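Novice: Sharing a model that was predicted from the sequence below.
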Amino acid sequence: MGLRSWLEEHETAALLGGTGALLLAWKLISGSGPDAPGSAPAVMSWDSARILAVRWVAGAESGKAAYAAQNRNTDGAGLSYGLIQWTQKSGNLGKLLAAMQRQDPAAFKEVFGGGDARVVASLLAVTTAPSADERLRPVPVEVPGVPVALWSQPWTQTFADAGKVPAFRAVQEHEAAYGEHMTIAIRAVYILGVTSPRALVLAYDRAVQQGASSLKHAVWSAKAAQERGITAPTGRLYLFARRCAEGFRSTTEPESGRWLQVDTPQGTEYHKLAGNVDLYTAITRRTTRILEASDLSDGPLPSRTAST
């Protein structure tokens, strides 16, 4: 069974209060279940490759907390939430919340609004606002009431509770496998000319952690370099990974932003910080792990079809 039809069956079960979420969660985290990557045929399907990519990235982004995982503004992005850590500042959290609300309006009003539609309206208005600063504004947990940052209590408990709701889990699964980040990743592997499962995992990982604009720059930069002589698929992926990281490293002291001074055998360099996270080192480690993983295939995925 393909992932799309499987998800559709699961979502129906979730809305009826079924346990379908547990099966896909097991597929995402452990790789078992129908059509799982570990039991895939020699030529992996795009649906299986999507599952594989989500499983890899969700493991790094949310770990065992999975659907309820939270980063509470340690990187300045506001609340990051769920399987692939949809961020408040980028607007991706707002898109996820709006999709949850469409999936089950009654459950959404109860979980996120305590039954009050005014709280729901305020939450969605803030998280889907046009500017990043507006999206980071606090939201009242009751009306009238004092606005509270989403990365603070009691909102953090609300989001944790939402991670237990089957209908909302279904939305996370669908958005992770078929949403904006996956669409960007699939476009990236075709531009790079490397359509292997490893390439998709790498591109999806970068789309989730770095976003569309950063990924686009890295893809076209790597593509330009390829045209100057790098033709081997492995070389293309290593070059792409290096391009993804290099924007967060400088050999001269930057004039603005927060940077960590690092002394290396080659001399002093500076790595950009997000909160206390060294982005250059974090990206390099994550991409290296994917590039060197023995359980990721370098065989080509099937020719592109409308379903991909």
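Specialist: Received the coordinates, thanks.
Novice: For the rest of this, base every contact and every neighbour count on C-alpha atoms.
Specialist: Noted.
Novice: Show me the strands in this protein, by range?
Specialist: For the chain, the strands defined by DSSP state E occupy 70-72, 79-81, 86-87, 139-140, 147-148, 249-250, 259-264, 267-274, 277-278.
Novice: next one: stretch 191-203 to chain centre, how far?
Specialist: In terms of CA atoms, centre = their mean, to the nearest Å, the centre of stretch 191-203 is set 16 Å apart from its chain centre.
Novice: Begin at 45 from now on, thanks
Specialist: All set: I'll call the first residue 45, so the last point we hit is now stretch 235-247.
Novice: Kindly check the end-to-end length of that stretch for me.
Specialist: One end of stretch 235-247 to the other measures 11 Å (CA to CA, to the nearest Å).
Novice: got a list of what the residue lying closest to D160 once chain neighbours are set aside touches?
Specialist: Excluding its sequence neighbours, the residue lying closest to D160 (CA to CA, 6 or more residues apart in numbering) is K153, at 6.4 Å. K153 is in contact with 145, 159-161, 164, counting by CA atoms under 8 Å, 6 or more residues apart in numbering.
Novice: hmm, back to that, arrange the strands of the chain in JSON lines, one row each, with mean neighbour count as further columns.
Specialist: Formatted as JSON lines, the strands of the chain follow (neighbours: other CA atoms under 10 Å):
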{"stretch": "strand 114-116", "mean neighbour count": "20"}
{"stretch": "strand 123-125", "mean neighbour count": "27"}
{"stretch": "strand 130-131", "mean neighbour count": "26"}
{"stretch": "strand 183-184", "mean neighbour count": "21"}
{"stretch": "strand 191-192", "mean neighbour count": "14"}
{"stretch": "strand 293-294", "mean neighbour count": "19"}
{"stretch": "strand 303-308", "mean neighbour count": "14"}
{"stretch": "strand 311-318", "mean neighbour count": "17"}
{"stretch": "strand 321-322", "mean neighbour count": "16"}
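Novice: Quick check: which of those is nearest to L340?
Specialist: Among the strands of the chain, strand 130-131 comes nearest to L340, with 25.0 Å by CA to CA.
Novice: Can you turn the buried subset of the contacts of K153 into a selection I can paste into ChimeraX?
Specialist: What follows is the ChimeraX syntax for the buried subset of those, where burial is set by 16 or more other CA atoms under 10 Å:
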select :145,161,164
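Novice: In helices, which of the contacts of K153 fall?
Specialist: Judged by DSSP state H, those include 145, 161, 164 as members of helices.
Novice: closest to S341 among these?
Specialist: Q145 (37.4 Å).
Novice: Could you find the closest non-adjacent residue to that closest one?
Specialist: In space, Q145 is closest to F152, 5.4 Å off (CA to CA, 6+ apart).
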